[in-house]
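Asker: This is the structure alone, sequence omitted:
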């Protein structure tokens, strides 16, 4: 038996687990190593939970570490927000990490170090990026007004009526606006002209994911319209010229560009596109004063602006035949000897011409504008009449159908209406 108070040789007692190890069970013959993500800097540990954790922003893949310095910092582009870890996580898309030991993904509080957000005007669709230059610029036709954008389409399209040929912009207002007299209906345009003006105006995304173009980035306001607005997103910004005026040019910017209907004519509708070009549909041009009437004023907007020839005078022309016709009272002709005129607005001196057998209060369109190839085969719309439908008058002064073809009888129905009054003499 050993004497009291005699030291027991170390080979005869249970040994204490050395640093970096622990024993969590009785009867152990060896100690366990502290697990990856931890280290043990004291001896005699009795449980794995007593192994000290590698801190946030660090990791270890080895077991049995004995000091904090053996935990490794997360490399650039990686982060770890949880202690006691054996690996780091990638900085997410839309972010980059330019230092080691990052402790979290991007967030808006002041905790540092953290993955940084790609700034406005940029994005990244890859993880574990570690330089600001790894953030890609929003491409032409697009802008980025938020941070940490993760994908190409996270950059927003320039709105309709705008275009952008520069990269990395941060707001829609940095997209160039279509100028006055123009409007746009397409988004993400990257040039003032579209493929309709220049077929080469197409753009291939840098990563090869897509190719796009605009057919008309900035369209001109059409005939009959003008616009003072910049960046107009639709045709409604192109305003119609008022009644009594027309506009025969595109891309105009002021109401002063609208032109007055000339003498001998009037305009009852807005947005007219021609003064007297007969190939233009009647609804889109200034209308002629009919036979028996004249108008010396510019910019007239009502048929009542056409004055009737006085008693004893007649006029068989209209302004569609010549721009010089029906523009002044001196063009009205006196009834010849042996005849008289007891009403205003006469359109012939006698019945020999066929035209002038009747008195007409309204005007038909020219025969070439009938919606049929033969007279009287079909009624057609006349915007000058509240009733909306009229018929041409026949040669004998009655309201009747005609069967002759338009091609050879363009002067048969120069004027007429369904309420014609016979004036046969």
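Answerer: Yes, it's here. If you're wondering where the values come from, they're calculated on a predicted model, not measured in any experiment.

Asker: how about the nearest residue to residue 56, chain neighbours excluded?
Answerer: If the residues on either side of it in the chain are set aside, residue 56 comes closest to residue 103, at 4.2 Å by C-beta to C-beta, 6 or more residues apart in numbering. Just so you know, the C-beta spots here come from the backbone N, C-alpha and C atoms, and that holds for glycine as well.

Asker: Closest to the centroid, which residue in this structure?
Answerer: When C-alpha atoms, centre = their mean is applied to the chain, the residue found nearest the centroid is residue 160 (2.4 Å).

Asker: looking at this, that residue is in a strand?
Answerer: No. Counting by DSSP: H, G, I helix; E, B strand; the rest coil, residue 160 falls outside a strand, being coil.

Asker: was I right about it contacting residue 234?
Answerer: Yes. The pair residue 160 / residue 234 is scored as a contact, 7.0 Å apart, by C-beta atoms under 8 Å.

Asker: Now the common contact residues for those two.
Answerer: When contacts are counted by C-beta atoms under 8 Å, 6 or more residues apart in numbering, the set common to residue 160 and residue 234 consists of residue 185.

Asker: re the thing from before, quick check: chain neighbours aside, which residue is closest to the residue nearest to the centre of the chain?
Answerer: residue 233 (4.1 Å).

Asker: now residue 314
Answerer: Setting aside the residues directly before and after it, residue 314 is nearest to residue 346 in space (C-beta to C-beta, 6+ apart), at 3.7 Å.

Asker: Near that neighbour, how many residues? Count them for me, please.
Answerer: Using other C-beta atoms under 10 Å, the number of residues around residue 346 comes to 26.

Asker: That one touches residue 334, doesn't it?
Answerer: No. The pair residue 346 and residue 334 fails to qualify as a contact (C-beta under 8 Å) at a distance of 10.6 Å.

Asker: Now do the shared contacts for those two.
Answerer: Taking C-beta under 8 Å, 6+ apart as the criterion, residue 346 and residue 334 both touch residue 313.

Asker: residues in contact with the residue nearest to residue 160?
Answerer: 159-161, 183-185.

Asker: same thing with residue 82?
Answerer: Shown here is residue 82, whose contacts under the criterion C-beta under 8 Å, 6+ apart are residue 56.

Asker: rerun that using 10 Å as the cut-off
Answerer: Listed by C-beta atoms under 10 Å, 6 or more residues apart in numbering, the contact partners of residue 82 are 37, 53, 56, 59, 89, 103-104.

Asker: Helix, strand, or coil at it?
Answerer: On the basis of three-state DSSP, residue 82 is classed as coil.

Asker: Run a quick neighbour tally on the residue nearest to residue 118 when sequence neighbours are not counted.
Answerer: The shortest distance from residue 118 to any residue other than its chain neighbours is 3.6 Å, reached at residue 135 (C-beta to C-beta, 6+ apart). Residue 135 is surrounded by 25 other residues when neighbours are defined as other C-beta under 10 Å.

Asker: circling back: make sure the residue nearest to residue 56 is actually in contact with residue 59.
Answerer: No. Because the distance of 11.6 Å does not satisfy C-beta atoms under 10 Å, residue 103 is recorded as not touching residue 59.

Asker: Thought residue 231 was touching residue 184, still the case?
Answerer: Yes. Using C-beta under 10 Å as the test, residue 184 is close enough to residue 231 to be in contact (7.9 Å).

Asker: between those two, which one's more packed in?
Answerer: Relative neighbour count places residue 184 above the other of residue 184 and residue 231, with 27 against 23, counting by other C-beta under 10 Å.

Asker: Which residues are in contact with the residue lying closest to the more buried one once chain neighbours are set aside?
Answerer: For residue 184, the nearest residue in space outside its immediate sequence neighbours is residue 161; the separation is 4.1 Å by C-beta to C-beta, 6+ apart. By C-beta under 10 Å, 6+ apart, the residues touching residue 161 are 175, 177-178, 182-187, 189, 217-219, 229-234, 237.

Asker: Much appreciated, bye for now.
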